[in-house]
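K.L.:
following is a predicted model, sequence given first.
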Amino acid sequence: MSKKADKIVRSMMQKDLFSQWLGIEVVNVSPGSCLLKMIIRKEMLNGFDIAHGGIAYSLADSALAFAANGHGRQSLSIETSIAYFNKITEGEVILAEATEIHKTNKIAKYNVEVFSLSGEKKALFSGTVYRTSTAFD
């Protein structure tokens, strides 16, 4: 775990009430990568008793944000998408692992795999961020 990236993510999480509500736990973070974990709760389910698609999306979006901002420059998503492969159920622990695919001075591209503890792939999220010139303190 990178000390600088960890400090940035802890600062972001203090203000990120939605990620806190999700119950996200930061497992590992370094510049350009991040691993998050969370447990699916009853209030996260849709009418079919499976996790609402926005839950996996939000976990992956947070992983993207933490990985991108871990470089030390404020980065904002400008394009994201997700493909779902398997249902996610109440009580299930899911993880999201963000990996940097390409980075330039202004733009960076990430893939985020969402999977269960057993390794079953749940979703694949893709995102592009704009890297501002504003540095974290």
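P.N.:
Nice, thanks for sending it over. Numbering: from 1, shown residues only.
K.L.:
and the longest helix along the chain, which residues are buried?
P.N.:
Ordering each helix of the chain by length in residues (DSSP state H) puts helix 53-69 first. Within helix 53-69, the residues that count as buried by 16 or more other C-beta atoms under 10 Å are 55-69. Bear in mind the C-beta positions are built from the backbone N, C-alpha and C, glycine included.
K.L.:
out of these, who's nearest Glu43?
P.N.:
Ile55 (9.9 Å; C-beta to C-beta).
K.L.:
can you tell me the closest non-neighbouring residue to that closest one?
P.N.:
Nearest residue to Ile55 in three dimensions, chain neighbours excluded: Met44, at 4.7 Å (C-beta to C-beta, 6 or more residues apart in numbering).
K.L.:
what packs against the longest helix of the chain?
P.N.:
Packing contacts for helix 53-69, counted by 3 or more C-beta pairs under 8 Å, 6 or more residues apart in numbering; DSSP states H and E, involve helix 3-15, helix 17-22, strand 25-30, strand 33-39, strand 73-84, strand 93-103, strand 107-116, strand 121-135.
K.L.:
spit out the contact partners of the residue positioned nearest the centre of the chain.
P.N.:
Nearest residue to the geometric centre of the chain (C-alpha atoms, centre = their mean): Ala63, 1.8 Å. Ala63 makes contact with Cys34, Leu35, Leu36, Ala96, Glu97, Ala98, Val112, Phe125, according to C-beta atoms under 8 Å, 6 or more residues apart in numbering.
K.L.:
which of those residues lies closest to Lys4?
P.N.:
Cys34 (13.4 Å).
K.L.:
separation between Glu79 and Ala135?
P.N.:
From Glu79 over to Ala135 the distance is 23 Å, taken as C-beta to C-beta, to the nearest Å.
K.L.:
doesn't Leu59 make contact with Val27?
P.N.:
No: counting by C-beta atoms under 8 Å, Val27 does not reach Leu59; the two are 12.0 Å apart.
K.L.:
hey, what's in contact with both of the two?
P.N.:
With C-beta under 8 Å, 6+ apart as the test, Val27 and Leu59 both reach Leu36.
K.L.:
can you pull the pLDDT of the closest residue to Thr128 other than its chain neighbours?
P.N.:
Excluding the flanking residues, the one nearest Thr128 by C-beta to C-beta, 6+ apart is Glu79, at 4.4 Å. pLDDT for Glu79: 98.
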